[in-house]
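Asks: Got a predicted structure plus its sequence, pasted below:
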Amino acid sequence: MRWDGISEFVYVAEYESFTRAAKELGMSTAQVSRQISALEKRLNIKLLYRTTRKVSLTEEGRIFYQHCRGVLDGLDAAEQAVSNLQSKPQGRIKLTAPVTYGEQQLLPLVNDFMVQYRDIEVTAFLSNQKIDLVDGGYDLAIRIGKLSDSTMMAKKLSRRTNFVCAAPAYLKKYGTPRTLSDLHKHNCLLGTRDYWHFIDNDKHANKEVDKQADKEKNLRVSGSVQYNSGHSLVDAALKGLGIVQLPDYYVQQHLASGELVSLLDNYREPEESIWAVYPHNRHLSPKIRLLVDYLATRLA
């Protein structure tokens with residue numbers, strides 16, 4: 001009796017919808033509504049604000065949700081701990097990731113993972129757009145940088161660094177930039193954005209920065225090339241067309257060989273985190289946990 005309505009309440013809180021919660025639970029919307037109404041009556045507390053367009057938590061509902069979510073997770077973990085003793089991970093994993101990172105870093109590791117676990121199937125959709133995991137039915141997303149969606153679970157997998165670099169031939173002909181302002185005199189090879197990320201720590205040029213060192217700065221740059229392909233930008237840089245800013249996995253082999261030279265290292269922005277992100281109600285799935293742990297180990 002004390003458990004009646006708990007699962008329904010948690011699902012409605014996470015989906016912000018009675019209809020979507022009912023679909024996930026395999027119940028009717030009316031059943032879900034009755035269970036939650038009975039729960040509120042039993043607790044003598046209003047848990048949800050209901051309007052024709054939105055469902056949201058009250059302050060009491062938010063506190064109750066946090067405790068209930070933990071309880072349900074504990075029950076799921078207990079059930080799966082027992083079932084895992086007699087079964088091996090299997091089934092389909094649907095994931096999404098940024099295009100280039102997915103092609104170069106992620107999917108080769110996923111293939112290695114599938115060699116070890118033959119009963120797991122994977123569907124991957126690579127996109128640089130932020131995809132709604134719940135609406136798309138995704139189990140997992142790989143995202144880079146700061147996370148904005150607090151309704152998801154997340155685990156840090158790795159980090160990446162952006163490098164500004166150019167070919168020695170270009171630098172010999174046009175000179176080497178020493179400060180951020182020098183970039184305005186150079187041909188900058190652009191990607192999808194017309195600005196680059198830096199840490200503005202030039203204390204000689206800007207005394208205000210002394211008070212707040214390592215201030216992040218977006219510097220607008222320009223040049224004769226703009227591609228939405230990192231590989232093509234690397235090729236342009238190698239051929240001496242200009243200066244480029246790209247993540248390490250594009251340029252590290254060329255930096256190591258000397259084909260490209262790293263520039264403005266004192267202004268390099270902090271490393272960006274690479275995350276595995278997944279919905280609350282899927283984060284204890286053995287196959288998802290296994291893949292996330294595998295990726296974290298290999299990418300580290």
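Replies: Happy to help now that I have it. No experiment lies behind these values; they were computed from the predicted model shown.
Asks: Any stretches of the stretch 201-300 of the chain with poor pLDDT?
Replies: Across the stretch 201-300 of the chain, residues meeting the criterion (pLDDT under 70) sit at 201-214, 281-284.
Asks: Can you show me the strands along it?
Replies: Ranges of strands in the stretch 201-300 of the chain, per DSSP state E, counting those that start in this stretch, are 215-220, 225-226, 243-247, 261-263, 272-279.
Asks: Quick check: which of those is nearest to Leu75?
Replies: strand 272-279 (17.4 Å; CB to CB). Where you see a C-beta, it was placed from the backbone N, CA and C, and this is true even at glycine.
Asks: on contacts alone, who are the packing partners of that closest one?
Replies: Applying 3 or more CB pairs under 8 Å, 6 or more residues apart in numbering; DSSP states H and E, we find strand 272-279 packed against helix 133-136, strand 140-144, strand 152-160, helix 286-299.
Asks: nearest to Glu271, of those?
Replies: Closest approach to Glu271 among these (CB to CB): strand 152-160, 4.1 Å.
Asks: between the helix or strand just after the closest one and strand 243-247, how big is the angle?
Replies: Following strand 152-160 in sequence order, the next helix or strand is strand 162-166 (DSSP states H and E). Angle of strand 162-166 versus strand 243-247, following axes from the mean of the first three to the mean of the last three CA atoms, to 10 degrees, is 150 degrees.
Asks: Need the per-residue pLDDT for the closest residue to Gly242 other than its chain neighbours.
Replies: Once flanking residues are discounted, Gly242 sits nearest to Asn187: 3.6 Å by CB to CB, 6 or more residues apart in numbering. Asn187 is assigned 96 on the pLDDT scale.
Asks: Do you have the strands of the stretch 51-200 of the chain handy? List them.
Replies: 55-57, 91-97, 120-126, 140-144, 152-160, 162-166, 188-190, 195-200.
Asks: ok, Glu40 to Tyr49 distance?
Replies: Using CB to CB, to the nearest Å, Glu40 is found at 12 Å from Tyr49.
Asks: Please say which of the two ends up with more neighbours.
Replies: Higher neighbour count among Glu40 and Tyr49: Glu40, with 19 against 11, using other CB atoms under 10 Å.
Asks: picking that back up, just the strands of the stretch 201-300 of the chain: most buried one?
Replies: Highest mean neighbour count of the strands of the stretch 201-300 of the chain: strand 243-247, a mean of 25 (counted as mean count of other CB atoms under 10 Å).
Asks: If I look at the residue most central in space within the chain, what pLDDT would I see?
Replies: Residue closest to the mean C-alpha point of the chain, counted by CA atoms, centre = their mean, is Arg143 at 1.9 Å. Listed pLDDT for Arg143 reads 91.
Asks: Contact partners for it?
Replies: Pro98, Lys130, Ile274, Trp275, Val277 (CB atoms under 8 Å, 6 or more residues apart in numbering).
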